[in-house]
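A.B. asks: sequence and predicted model, in that order:
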Amino acid sequence: MLRIHFSAEDLARTRVAAACHPLWEIAASLHRLQTPAGRWAYAHWYRTARERLRAAGLESAVRQVLLPLFPRAPYWPDFLTPLAGVDGLEAGLAEILATPADRVAAEIALLTRAGRTPARLGRLPEKEARAELVGILRAYHRTVIEPHEEWMRECVHAERIRLARHLLDGGAERLLEGLGPAIRWRHPRLEAGTYPTEHDIRLEGRGLLLIPSYFCWKGPVSLADPALPPVLVYSLHPHESPGGPGPHAAEAAGSPSLAALLGRARAAILRATAAGATTTEAARRAGVTPATASHHTTALRDAGLITSHRHANTVVHTLTPLGATMLSRNLRDAAPGIG
C-alpha cells in the first residue's frame, strides 16, 4: 500500500500538472507493451506502436535497453523520470544527462538486485552511455508518443477542469477524493491499496504534485525515494469506459457549427460544461428548463461528449476528452482568418 501523509501546509501546496509528463508517459507506455491488462483502452495506440517502432528501426533498442530499464515491476530507477520533465521532454532529458554518476550507479544497482538486467546497463553512470540512452528515449517518444500528443493534451485539459470544480466546491480534500477508485483520501493520508509495495511518503510541507497520465493504467505510481520532490502519477482512464472514444474518434469530431450538428440548446450546454456546470447552470446558459437540460445532458453523455459526477444532491457535468476536442476544434474553425 502507498500512503502519502499530509499536513495542512501540504494540502495548501497540492497542485496538478498542466500537461502530461513525457518521461512518465514513456515509462507507462513501455509498461503497456509488457502486459495485455487494459489493452482495450489503448487499442488504437497499440495497433500502430509496434509497426512504427519496427519502421523506425527501434525494436532492438526497446527490447534490449528500454524494457529492462522500465520493467513492469515494483521498482525502476527514479532518475529516469525527473521532475524537470514537467517543462517538456528536452528539459527532462537534460536532467537525465546531468544526474550525478554515483546516484545513477546506486539506482542501477537497486534495479539489478530486483531482477536480471543486461550488463550494458551497468555503463549508464558514464555520461556517454546516458547520452546514447537519451537518444533512444527521444526517438521512442517521437515515434509512438508524439503522434498522440494532441489527444493527450485534451485528456489532461478535461481532467484539470474536472478537478478544478472539485477544488472550488470542496477545497483540496474534495480534489483528492476525486482522483479515481484506486486512490482513497482518509484524512490526513492519501492511500492506494493496489500499490505493489508498502511505501510511506511524508510530505513534510513540500506539497504534492499530481500528474495525470494517459498511459498509466489503474493504480497510481510514485517515486521510490521519498526524499525526492513528491509526485503522484495517476491514470486518466477510470473516467472512461471500455470501447469509449479515443484519438481515432477525435479525428472526426470537429464540426464547423456545433449548433448545426447538435442543435442550439445542446451546443450551448456543451459549451457550459467546458468550465464544469450543474444541470441548473447548464439550463440557464441554454435558456431551457432544468428538465429539458437534463434530457440534453443525458444525450451528450450517451454520445461520449460529457461526463457527470454526483456530489451530495448536485450533479456536475464536465467535458470528456472527445467533447473538449470537438469544442476546441469548433472554436478554431470559427475564428476569423488572418491575412
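C.D. replies: Yes, it's here. Residues are numbered from 1 along each chain as shown.
A.B. asks: can we go C-alpha only for contacts and neighbour counts from here?
C.D. replies: Noted.
A.B. asks: tell me which residues of the helix or strand residue 135 falls within are tucked away?
C.D. replies: Element membership for residue 135, per DSSP states H and E: helix 127-140. Of the residues in helix 127-140, 127, 129, 130, 131, 133, 134, 136, 137, 138, 139, 140 count as buried by neighbour count, 16 or more other CA atoms under 10 Å.
A.B. asks: where's the fourth one relative to residue 158, distance?
C.D. replies: Which is residue 131. As judged by CA to CA, to the nearest Å, residue 131 and residue 158 stand 35 Å apart.
A.B. asks: can you check the fifth one too?
C.D. replies: According to CA to CA, residue 133 and residue 158 sit 33 Å apart.
A.B. asks: can you give me the helices in the stretch 51-200 of the chain?
C.D. replies: For the stretch 51-200 of the chain, the helices defined by DSSP state H, counting those that start in this stretch cover 59-61, 67-69, 89-98, 101-114, 127-140, 149-177.
A.B. asks: same list, those helices, but as JSON lines with distance to residue 288 and mean pLDDT please.
C.D. replies: What follows is those, written out as JSON lines (distance: least, CA to CA, whole Å; pLDDT from 0 to 100):
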{"stretch": "helix 59-61", "distance to residue 288": "56", "mean pLDDT": "96"}
{"stretch": "helix 67-69", "distance to residue 288": "54", "mean pLDDT": "97"}
{"stretch": "helix 89-98", "distance to residue 288": "46", "mean pLDDT": "98"}
{"stretch": "helix 101-114", "distance to residue 288": "60", "mean pLDDT": "95"}
{"stretch": "helix 127-140", "distance to residue 288": "50", "mean pLDDT": "98"}
{"stretch": "helix 149-177", "distance to residue 288": "23", "mean pLDDT": "86"}
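A.B. asks: residue 144 is in contact with residue 55, isn't it?
C.D. replies: No: no contact is recorded between residue 144 and residue 55 when judged using CA atoms under 8 Å, the distance being 11.3 Å.
A.B. asks: which of the two has more residues huddled nearby?
C.D. replies: Set side by side, residue 144 and residue 55 show unequal neighbour counts under other CA atoms under 10 Å, the larger going to residue 144 at 20 against 11.
A.B. asks: can you get me a residue count around the closest residue to that one other than its chain neighbours?
C.D. replies: Ranked by CA to CA, 6 or more residues apart in numbering and with sequence neighbours excluded, the top spatial neighbour of residue 144 is residue 49, at 5.5 Å. By other CA under 10 Å, the residues close to residue 49 number 18.
A.B. asks: ok, residue 49 to residue 149 distance?
C.D. replies: Residue 49 sits at a distance of 14 Å from residue 149 (criterion: CA to CA).
A.B. asks: and if you look at residue 160?
C.D. replies: Computed as CA to CA, the residue 160 to residue 149 distance reads 16 Å.
A.B. asks: now residue 141
C.D. replies: Taken as CA to CA, the spacing of residue 141 relative to residue 149 amounts to 10 Å.
A.B. asks: thought residue 160 was touching residue 16?
C.D. replies: Yes: using CA under 8 Å, residue 160 and residue 16 qualify as a contacting pair, with a distance of 7.3 Å.
A.B. asks: so in the protein, where's the weakest helix or strand by average pLDDT?
C.D. replies: Counting by mean pLDDT, DSSP states H and E, the chain has its least confident helix or strand at helix 247-250, which shows a mean of 45.
A.B. asks: residue contacts, the residue nearest in space to the middle of the chain?
C.D. replies: The central residue of the chain, meaning the one whose C-alpha is nearest the mean C-alpha position (CA atoms, centre = their mean), is residue 213 at 1.6 Å. Contacts here follow CA atoms under 8 Å, 6 or more residues apart in numbering; on that basis residue 213 touches 20, 21, 24, 25, 156, 233, 234, 235, 236.
A.B. asks: quick one: pLDDT of the spatially closest residue to it that is not a sequence neighbour?
C.D. replies: Spatially, and ignoring its direct neighbours in sequence, residue 213 is nearest to residue 235 (5.2 Å; CA to CA, 6+ apart). Among the per-residue scores, residue 235 shows a pLDDT of 92.
A.B. asks: next up, the contacts around residue 226.
C.D. replies: For residue 226, the residues meeting the contact criterion (CA under 8 Å, 6+ apart) are 200, 201, 202.
A.B. asks: let me redo that: residue 289
C.D. replies: Counting by CA under 8 Å, 6+ apart, residue 289 touches residue 283.
A.B. asks: distance from the chain centre to stretch 177-185, please.
C.D. replies: Centroid displacement of stretch 177-185 relative to its chain, using CA atoms, centre = their mean, to the nearest Å, is 15 Å.
A.B. asks: over to stretch 137-146?
C.D. replies: Counting by CA atoms, centre = their mean, stretch 137-146 is centred 17 Å from the centre of its parent chain.
A.B. asks: pull up the distance across that stretch, start to finish.
C.D. replies: Start and end residues of stretch 137-146 are separated by 12 Å (CA to CA).
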